[in-house]
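Chemist: Prediction below, plus the sequence it came from.
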Amino acid sequence: MIIDAHNHPDWHKHNLTRFLDNMAQFGIDQTWLLSWECPPDEYDPAPHHPILLATEAGPVPWTNCLRYVEAAPDKFVLGYAPDPRRPEAIDRLQAAIDLYGVRVYGELKLRMCYDNPDALRMFRFCGEKGLPVTVHIDYEFDTGQNYPRRSWWYGGGIEAFERAVCACPDTCFIGHAPGFWAHISGDDRFDKELYPSGPVVPGGKVIEMLRRYPNLYADLSARSALNALSRDPEFGRDFLLEFQDRLLYGRDTFDNRLQEYLNGLALPSEVLDKIYCQNARRLLAHTGRV
C-alpha cells in the first residue's frame, strides 16, 4: 500500500478525474488532501502560480478537499487547517471534525511564528483530538518587488517551530518545505538558498530535533525533501534508515520522482513499507479510523 501524505485538490492543473488517474498510474492507494487557507496578501498571486482558482478563503479552500473526499471517500483523507489567528478557528475545526471527519490539521502555511499563543492553542487542541499537524516553513527570500509582499516567508524559522514542538508534546507534528529540509545540514545556507546542494554537514537541526522529540515526523514531499535526501546520497540513505519510523511518503505534486528515488536505494522492504504507508496509518489511528 502507498499513501501520499501531502497533496492538494485542483493543484497543478489536476482536477478530480486527473488526480485519480494519476494515483492509479503511480500505484497510490490513498492521498491526504490538505487545505491552504490564508489571507490574500500571504500568498503569491502571480499568473504563473499553480493556484488558479483561489477564493476568499485562500489558495486551497478546505471545501475543495471535502468535495474530493465526498466523491471518492476510499481514496482520500480529509485535512483542514483554519488560520489559528482567527477567533473562531478551533470551533471551525471542531465542527469540521464532527460533521465531516477531518483527520489532519494541514497544511499550515502562514506568515506567523508557529510558537505564538494562538498557534500553540490550536496545536494543543489537535493533540487532544489526535490530529497530526503538517507545517510549511520558508525563510525570507526577496521577490524583487514591493507588493503584495517583498518575500513569502512562513512559520518564523526552525527555532520557532522547535519551540512549538517542545511546548506541545502530546501533538504529532510533521515538518515540510524548504525552510525545514534545508536544516538537514548543519551549514548556514538555509536562509540563503531554497535548495542547498553538496555534502551534508554534521549538526543539522532536523536530525537533532528528530532525535530529541518523539512527536516530530517529517514529510518527504516536494522538491525540498528529495533535494535534502539526494544532495548527499550516502547520508540520505542512512537518514532514511535511522528515522524510518517517522518519515512519511508524500508528493505535493504529481510526478513519481520520489518513488523512483526510494525504490533505487535497495532499502529493506520493511523500511519502505513504513515510509510508504505504515507511519501514516499509525498517525491516523488516533482519529479512530485508518
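Modeler: Received the coordinates, thanks.
Chemist: who's in contact with residue 97?
Modeler: 129, 131 (Cβ atoms under 8 Å, 6 or more residues apart in numbering). Using the backbone N, CA and C atoms, a C-beta is placed for each residue, glycine as well.
Chemist: Report the mean confidence score over the helix or strand containing it.
Modeler: Using DSSP states H and E, residue 97 falls within helix 89-100. Mean pLDDT, computed over helix 89-100, is 97.
Chemist: and the following helix or strand past it, what does it pack onto?
Modeler: Next helix or strand after helix 89-100 toward the C-terminus (DSSP H and E): strand 105-108. With contacts taken as 3 or more Cβ pairs under 8 Å, 6 or more residues apart in numbering; DSSP states H and E, strand 105-108 sits against helix 117-129, strand 133-136.
Chemist: What are the phi and psi values at residue 28?
Modeler: When read as degrees, to the nearest 10, the backbone of residue 28 gives phi -90, psi 120.
Chemist: what's the neighbour count on it?
Modeler: 23 (other Cβ atoms under 10 Å).
Chemist: Can you say which of the helices and strands packed on strand 105-108 is packed in most?
Modeler: Of the helices and strands packed on strand 105-108, the one with the most neighbours on average (mean count of other Cβ atoms under 10 Å) is strand 133-136, at a mean of 27.
Chemist: what does that one rub up against?
Modeler: Taking Cβ under 8 Å, 6+ apart as the rule, strand 133-136 contacts 5-6, 34, 79, 81, 104-109, 114, 123, 126, 154-155, 161, 171-177, 179-180, 219.
Chemist: Drop the exposed ones from these and show what's left.
Modeler: Buried members of the contacts of strand 133-136, counted by 16 or more other Cβ atoms under 10 Å: 5-6, 34, 79, 81, 104-109, 114, 123, 126, 154-155, 161, 171-177, 179-180, 219.
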